[in-house]
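[1] A structural model of the following input is requested.
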Amino acid sequence: MQKSFVYLAMSVLAGCASASTVQTSRDTAIVQSSAAPACGGIGASKVAAKEAAIATLKAGFDSYVIFNGASESNIAVVQGPGTYNTTAVVSGSMVSATTTYQPGMPMVIGHHGQSFAIKMFHDGDPGSESALSAKAALGPDWQKQMTNPVLTCVG
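    Numbering: from 1, shown residues only. Purely as a prediction, here's the structure:
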C-alpha cells in the first residue's frame with residue numbers, strides 16, 4: 001500500500017496546479033492559483049507567485065509588488081466506496097450466511113487556492129525600487145518559463 005501511495009502522490013504532483021491572470025488596469029492584475037491537496041497552501045502560493053512574475057513580463061513590465069492577497073482551502077478526507085462479500089452455507093433446509101464489509105480507501109478531495117493583487121512597474125517608475133524583479137523571481141531560465149503554463153507546485 002505504501003508503494004502505490006508514493007506513486008500516486010508523485011503522479012498527482014506532476015500536474016497538480018493551475019493559475020490564471022486577469023488584468024484589471026494597465027498596470028494591475030489579479031493572479032489566482034489552484035493546487036492539489038498534496039501541494040498544500042504553500043504550493044498554491046508558489047504557483048501564484050510564479051504566475052505573477054510571468055504575467056508581469058507578458059504585460060511588458062519588469063517588476064511587481066503584491067499589494068493584497070487571499071487564500072482558501074477546502075480539503076476533506078472522505079471514505080471511498082467499499083465492497084461486500086457474502087458467503088452462504090446450506091445445510092438441509094437451513095441457510096447460514098455471513099456478509100463482510102471491506103471499507104474502501106480514504107480519498108483526499110478539494111484544493112488549495114491563492115490569489116494576489118499585483119501592481120506592475122517598469123524599471124525607474126516611482127515605487128519600482130521596492131518591487132520584485134519578475135526575471136529574478138523566475139530564475140535564469142525565465143524565457144523558457146514564459147512559454148510553459150504553471151502546472152506543478154514543485155520547484
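[2] pLDDT below threshold where in the chain?
    Counting by pLDDT under 70, the ranges of the chain that qualify are 1-15, 155.
[3] who's the residue nearest the centre of it bridged to?
    Geometric centre of the chain, nearest residue: residue 35, 1.0 Å, by CA atoms, centre = their mean. Counting by DSSP bridges, residue 35 is bridged to residue 17, residue 112.
[4] Going along the chain, name the helices of this protein.
    2-14, 40-58, 134-138, 142-147 (DSSP state H).
[5] What residues sit buried inside the second one?
    Read that as helix 40-58. When burial is assessed from 16 or more other CB atoms under 10 Å, helix 40-58 yields the following buried residues: 43-57. (C-beta placed from N, C-alpha, C; glycine too.)
[6] Might you calculate how far that helix sits from the centre of the chain?
    When distances are taken as CA atoms, centre = their mean, to the nearest Å, helix 40-58 is centred 11 Å away from the chain's centroid.
[7] again with the third one
    Chain-centre distance of helix 134-138: 20 Å, with CA atoms, centre = their mean.
[8] other SSEs contacting it?
    helix 40-58, helix 142-147 (3 or more CB pairs under 8 Å, 6 or more residues apart in numbering; DSSP states H and E).
[9] how about 7 Å then?
    Other elements packing on helix 134-138 under the criterion 3 or more CB pairs under 7 Å, 6 or more residues apart in numbering; DSSP states H and E are helix 40-58.
[10] rewinding a little: check the buried residues of helix 40-58 against residue 129 and report the nearest one.
    Distance to residue 129 across the buried residues of helix 40-58 (CB to CB) is lowest for residue 56, with 15.8 Å.
[11] So the closest one sits against residue 134, correct?
    Yes: using CB atoms under 7 Å, residue 56 is in contact with residue 134, at 4.1 Å.
[12] can you pull the contacts of residue 59?
    23, 120 (CB atoms under 7 Å, 6 or more residues apart in numbering).
[13] What distance do you get for it to residue 130?
    19 Å (CB to CB, to the nearest Å).
[14] Repeat that for residue 90.
    Applying CB to CB to residue 90 and residue 130 gives a distance of 83 Å.
[15] ditto for residue 91
    Taken as CB to CB, the span from residue 91 to residue 130 is 85 Å.
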